[in-house]
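*Asks:* can't give you the sequence, but here's the structure:
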């Protein structure tokens, strides 16, 4: 399905990690931002240890250094609920960079950002919600915590209800760990996204676009489907 047919609702932009720039600044992604009329990008680097967030912010400014787009950041130093709400409501694209899933989830809860973000989605003020690696993984109903293996499966932000997401998928041989989780949570749909690869989901979570060098694997009703940038969707 072409971009022109999918611009009426909010969309989700999930990134498999590693070289996010290759995906976020790809021709397909930039065209998508323009067609969505995205102007204001809010970056929430809660997944990164505070001592590194300044460097991350510099990197993300460069990542979103696109003419016509303004980028701001909310960090763990921003604890005023009114500022968090103002920034979230200002944004039409919110992006959660990678890092540690548990840190991201804990900080979203402690600072109240998760509830504010959910309210913004419900109000229809967002056009695009994105996440890279851990930032994509926390969006599901459940979230895998752990680097190589499954240390735990915890409640996600439930911004993609009924889904569980894994990143760095074939690159780090994570299919078996996702399948193990799906055996325990058979009600969920699993999405595994390769590095240097991004996907666009519509408001009803239909896969619309695959961009980048890798593939996305979708596990539904004990069946596996694989898509890449050449797939007809």
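*Replies:* Perfect, thanks for sending it. All values reported here derive from a predicted model rather than from experimental measurement. Residues are numbered from 1 along each chain as shown.
*Asks:* tell me where the model's unsure across the chain.
*Replies:* Where the chain drops to pLDDT under 70, the residues are 1-8, 50-66, 147-150.
*Asks:* helices of that one, start to end?
*Replies:* Ranges of helices in the chain, per DSSP state H, are 20-24, 27-36, 53-63, 81-90, 101-110, 113-123, 134-137, 175-184.
*Asks:* tell me which of those helices sits most buried.
*Replies:* helix 134-137 (a mean of 28; mean count of other Cβ atoms under 10 Å). All C-beta atoms are positioned from the backbone trio N, CA, C, and that covers glycine.
*Asks:* and for that helix, what's in contact with it?
*Replies:* For helix 134-137, contacts defined as Cβ atoms under 8 Å, 6 or more residues apart in numbering pick out 14-17, 47, 95-101, 104, 130-131, 143-144, 156, 165-167, 193.
*Asks:* try it again at 6 Å.
*Replies:* 14, 15, 47, 96, 97, 98, 99, 101, 104, 143, 165, 167 (Cβ atoms under 6 Å, 6 or more residues apart in numbering).
*Asks:* and the third one, how many neighbours does it have?
*Replies:* In this case it means residue 47. Residue 47: 26 surrounding residues under other Cβ atoms under 10 Å.
*Asks:* now do the second one
*Replies:* Here the neighbour count serves as a burial measure; for residue 15 (other Cβ under 10 Å) it reads 30.
*Asks:* show me the beta-bridge partners of the residue positioned nearest the centre of the chain.
*Replies:* By Cα atoms, centre = their mean, the mean C-alpha position of the chain lies nearest to residue 131, the distance being 2.2 Å. Beta bridges link residue 131 to residue 14, residue 96 when assigned by DSSP bridges.
*Asks:* and the end-to-end length of stretch 90-98?
*Replies:* Start-to-end span of stretch 90-98 (Cα to Cα, to the nearest Å) is 22 Å.
*Asks:* show me what it is in contact with.
*Replies:* By Cβ under 6 Å, 6+ apart, the residues outside stretch 90-98 that reach it are 17, 38, 40-45, 47, 127-135.
*Asks:* centre of the chain to that stretch, how far?
*Replies:* Here stretch 90-98 is found 9 Å from its chain centre; the criterion is Cα atoms, centre = their mean, to the nearest Å.
*Asks:* circling back: a markdown table for the helices of the chain, including distance to residue 72?
*Replies:* Shown next, in a markdown table, are those (distance: least, Cβ to Cβ, whole Å):
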| stretch | distance to residue 72 |
| --- | --- |
| helix 20-24 | 16 |
| helix 27-36 | 16 |
| helix 53-63 | 10 |
| helix 81-90 | 6 |
| helix 101-110 | 17 |
| helix 113-123 | 14 |
| helix 134-137 | 16 |
| helix 175-184 | 34 |
